[in-house]
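*Asks:* Just the structure for this:
(one chain, ligands or ions: 1)
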Amino acid sequence: MRSAEQFHREAVEKLRAGIPGPAIVAASGGIDSTIAALLAQEALGERSHALFVDTGLLRAGEVERVRQFFEASHLRFELVPAEPRFLGALRGVTDPEEKRRRIGREFIRLFEEEAKRRRAEVLIQGTIAPDWIESGGQLRDTIKTHHNVGGVPDDVDIRIVEPLRDLYKDEIRTLAHYLKVPEPDRQPFPGPGLAVRVNGPVTPEMVAICRSANAIVEEEVERAVQQGSIARPWQYFAVLLPVRTVGVTGDNRIFGHAVSVRVVESVDAMTATAMGLPPELLRAISERITRTLPGQVTRVLYDITDKPPATIEWE
Ligand code: XMP
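*Replies:* Residues are numbered from 1 along each chain as shown. You can find the predicted model right below:
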């Protein structure tokens, strides 16, 4: 990308010239797809329909937060509630790649149905370069199947347009600043949502535990950032592990779950460093998680692994 201004101008012109009819836009609430949706709205006006899908795999308070974020970004959108559909598709699945494929397929089927209702033949997605590089194909190895690339089934009945395909995350942030999208430095959240942060089977109970633990990590880290005791990390979240581990409450031994806390620094998510956190922050996170989820979470771990060799998400 040579400059944000030039990219913006050319992308809008290209969308306008290439899409004669209505289009739907997959808007997840993340920065990438919000920028794609804003470009589409500018290029197509009323013909652009941004859809925000509640998959049931979102973080605590996310629907409301995304609503406010879209309003502040002046993006028109519709909320599509689809929790049973996604949780149903994931029932009994433990393999992370299979989770990603099923989520990708569910998104596409849902968008195909929504497109038919609006006579749209085009789906605009906020896919960026790492999504398709990591999804593999041709001579590239698959690092992980991004739901919006490798998770797309072969028999897609809609034309997919990806205006941000060649950009990396740092360029996206430059573009977000240029387009005055609020909070462009917000942490990324993966499209498959909490499904990649619940290791093992994705049940409503496991999603609820992961969601509560994650909200605590976010709150405590954000408080520490505001107090100036740490720099803003690239990403900070909780992962629910598929192990049972013994704990003790009063006179009882109980087998609860283990939660891993991941806080990393990065520039473009291609590499990352596990952040050293003050001991009192780590203790506050652990105490709050185990107090809020008594008997459910008996152990909290801190992940000290960089990327590489690990990835940011656990899957
Ligand atoms: P990893 O785990 O590969 O993640 O180190 C790199 C960055 O990508 C995010 N991520 C995703 N984002 N769809 C997305 O939009 C996905 O399927 C996906 N998987 C991972 C991850 O949170 C990190 O910022």
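
*Asks:* quick one: low-confidence parts of this structure?
*Replies:* 138-144, 147, 150 (pLDDT under 70).

*Asks:* So which bits of it are right by the ligand?
*Replies:* Proximity of the chain to the ligand, by C-beta under 6 Å from any ligand atom, involves residues 144, 146-147, 188, 190-192, 235, 269, 307, 311-313. C-betas here are computed from N, CA, C, even on glycine.

*Asks:* Greatest separation within those: which pair is it?
*Replies:* By the measure C-beta to C-beta, H147 and K307 form the most distant pair in those, at 19.7 Å.

*Asks:* In terms of neighbours, single out the busier of the two.
*Replies:* Neighbour count, other C-beta atoms under 10 Å: between H147 and K307, H147 has more, with 29 against 16.

*Asks:* Just the buried residues of the residues of the chain next to the ligand.
*Replies:* K144, H146, H147, P190, G191, P192, Q235, A269, K307, I312, E313 (16 or more other C-beta atoms under 10 Å).

*Asks:* closest point of the stretch 1-150 of the chain to the ligand, which residue?
*Replies:* The ligand sits closest to H146 of the stretch 1-150 of the chain, with a gap of 4.2 Å, by C-beta to the nearest ligand atom.

*Asks:* Settle this for me: that residue is touching E97, isn't it.
*Replies:* No. Shown here, H146 and E97 do not form a contact pair, counting by C-beta atoms under 8 Å, at 10.9 Å.

*Asks:* so what sits against both of these two?
*Replies:* The contact sets of H146 and E97 do not overlap (C-beta atoms under 8 Å, 6 or more residues apart in numbering).

*Asks:* quick one, helices of the stretch 101-250 of the chain?
*Replies:* Secondary structure of the stretch 101-250 of the chain (DSSP state H, counting those that start in this stretch): helices at 129-135, 169-178, 204-226.

*Asks:* quick one, strands of this structure?
*Replies:* 23-26, 48-54, 78-81, 122-124, 159-161, 235-249, 252-265, 273-274, 297-302 (DSSP state E).

*Asks:* Buried ones in the last one, by neighbour count?
*Replies:* What it means is strand 297-302. For strand 297-302, the neighbour count (16+ other C-beta under 10 Å) marks V297, T298, R299, V300 as buried.

*Asks:* Report the angle between that strand and helix 204-226.
*Replies:* 40 degrees (axes from the mean of the first three to the mean of the last three C-alpha atoms, to 10 degrees).

*Asks:* For the residue sitting furthest away from the middle of the chain, give me phi and psi.
*Replies:* Within the chain, the residue lying farthest from the chain centre (C-alpha atoms, centre = their mean) is D251, at 40.6 Å. For D251, the backbone dihedrals (degrees, to the nearest 10) come out as phi -100, psi 0.

*Asks:* ok, which pair from the buried residues of strand 297-302 is furthest apart?
*Replies:* T298 and V300 (8.8 Å).

*Asks:* so what sits against both of the two?
*Replies:* Counting by C-beta under 8 Å, 6+ apart, the shared contacts of T298 and V300 are A258, T290.

*Asks:* What's the separation between the nearest residue to E315 once chain neighbours are set aside and R105?
*Replies:* Spatial nearest neighbour of E315, excluding adjacent residues (C-beta to C-beta, 6 or more residues apart in numbering): P96 at 3.7 Å. Using C-beta to C-beta, to the nearest Å, P96 is found at 15 Å from R105.

*Asks:* Just to check, R288 is in contact with E220?
*Replies:* Yes. Using C-beta under 8 Å, R288 is in contact with E220, at 6.8 Å.

*Asks:* Compare neighbour counts for those two and give me the winner.
*Replies:* When neighbours are counted by other C-beta under 10 Å, E220 comes out ahead of the other of R288 and E220, with 21 against 18.

*Asks:* how about the more buried one, what does it touch?
*Replies:* L281, A284, I285, R288.

*Asks:* since we're on the residue lying closest to the last one once chain neighbours are set aside, how many residues are nearby?
*Replies:* In space, R288 comes closest to I216 once its chain neighbours are excluded; the distance is 4.8 Å by C-beta to C-beta, 6+ apart. Under the neighbour criterion other C-beta under 10 Å, I216 is assigned a count of 24.

*Asks:* Might one say that I216 is in contact with I289?
*Replies:* Yes. Using C-beta under 8 Å, I216 makes contact with I289 at a distance of 5.3 Å.
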